[in-house]
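>>> based on what follows, work out the 3D shape:
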Amino acid sequence: MIRRRLRWAPLGVVLIICTACTTAPPRSAGPPATVAPPSRSAGPSGPRIQGTVSATGAVNLNTTFSAYATVEVAGAQTPAPVGSTCAEYAQGFELTGEGGRGFDAPEVQTAEVDRQTIYISVQIGSGYSGPGTYDSRRNISLIGYASQDEVNPNNPSGTVTAVFMPRTRGFTTLTVKPDGSGVLQLTDWTQVSGAAGAGPTSVSVTWTCRGEAT
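Below is the predicted model:
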């Protein structure tokens, strides 16, 4: 399965907090009036990502995740090809019809822990120059989306969802190492919808990359 690249307005990084995420529509050319998550990519292919997620503030969660490294192919985000390496993943991908290079941070979808899950999707839409550290305050193409679902203990079939964005104080940093490992930091994202009074949230994602999946 493939998913379209995120093409939101500058600094349009979004974090959502929920417990039972469903398949979502493709990404659009700008932030929609009602925030909708990008569709999840799926299917075994090239390098495998394994990492940890730590959220503090309005959201408190420590857990692990696994995913496949993704690249852009003909304008769509898809698992890296069979036979590709972690070092190649770290170099990013050529942007079709735009010139330059982009990079997809690992797509995070955690298992349920303490009645909640987290989903995060972040990418550099242009201006990627290989392994290094990138900051949304200086690179406006560092954009993304995230969500956390929390099961309502009074209604197990329902979920509670809160949406966060960087706003004026929040920002995002991404560090990629030559071996394909890295760190993603979402700092002081402000709640923009969902349960009242949640306050700001920060999330740290650390991952390693290993060769072609078997």
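>>> every contact and neighbour count from this point should use C-alpha atoms.
Noted.
>>> so Thr159 makes contact with Arg115?
No - counting by CA atoms under 8 Å, Thr159 does not reach Arg115; the two are 9.3 Å apart.
>>> what about those two, which has more around it?
Thr159 (20 against 16; other CA atoms under 10 Å).
>>> and the closest residue to the more buried one other than its chain neighbours, what element?
Nearest-residue entry for Thr159: Val151, 4.4 Å, with adjacent residues in sequence omitted and distances by CA to CA, 6 or more residues apart in numbering. Val151 belongs to strand 142-152 when assigned by DSSP states H and E.
>>> now stretch 185-193 - C-alpha only, CSV.
Provided in CSV are the C-alpha atoms of stretch 185-193 (Å, rounded to 0.1, in the frame of the first residue of the first chain):
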residue,chain,number,x,y,z
GLN,A,185,11.7,15.6,18.8
LEU,A,186,8.3,17.2,19.0
THR,A,187,8.6,20.0,21.5
ASP,A,188,5.8,22.0,23.3
TRP,A,189,3.0,21.2,20.9
THR,A,190,-0.2,23.0,21.9
GLN,A,191,-3.6,21.3,22.1
VAL,A,192,-5.9,22.7,19.4
SER,A,193,-8.9,20.3,19.8
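>>> contact partners of that stretch?
For stretch 185-193, contacts defined as CA atoms under 8 Å, 6 or more residues apart in numbering pick out 15, 162-167, 169-174, 198-205.
>>> repeat that with 7 Å
Contacting residues not belonging to stretch 185-193 are listed as 162-167, 169-174, 198-205 [CA atoms under 7 Å, 6 or more residues apart in numbering].
>>> contacting residues around the residue of the chain most remote from its centre?
Relative to the centre of the chain, and counting by CA atoms, centre = their mean, the farthest-placed residue is Asn154 at 29.7 Å. Asn154 is in contact with no residue at all, counting by CA under 7 Å, 6+ apart.
>>> for Pro81, see how far away it is.
44 Å (CA to CA, to the nearest Å).
>>> just say helix, strand or coil for the residue positioned nearest the centre of the chain.
Centroid check for the chain by CA atoms, centre = their mean gives Ser121 as the closest residue, at 1.7 Å. Judged by DSSP: H, G, I helix; E, B strand; the rest coil, the three-state class of Ser121 is strand.
>>> hey, what's it bridged with?
Note on Ser121: beta-bridge partners Tyr145, judged by DSSP bridges.
>>> pretty sure it contacts Glu107?
Yes - counting by CA atoms under 7 Å, Glu107 is a contact partner of Ser121 at 5.0 Å.
>>> and Gly97, how many neighbours?
Neighbourhood size, Gly97 [other CA under 10 Å]: 8.
>>> quick one: it and Ala90, what's the gap?
21 Å.
>>> out of everything not next to it in sequence, what's closest to Gly211?
Pro47 (4.7 Å).
>>> mind checking pLDDT for the one you found?
For Pro47, the pLDDT comes out at 93.
>>> average pLDDT for stretch 83-93, rounded please.
94.
>>> measure that stretch end to end?
End-to-end distance of stretch 83-93 (CA to CA): 15 Å.
>>> name the residues of that stretch that come out as buried.
For stretch 83-93, a neighbour-count test (16 or more other CA atoms under 10 Å) marks 84-87, 89-93 as buried.
>>> good, we can wrap up now.
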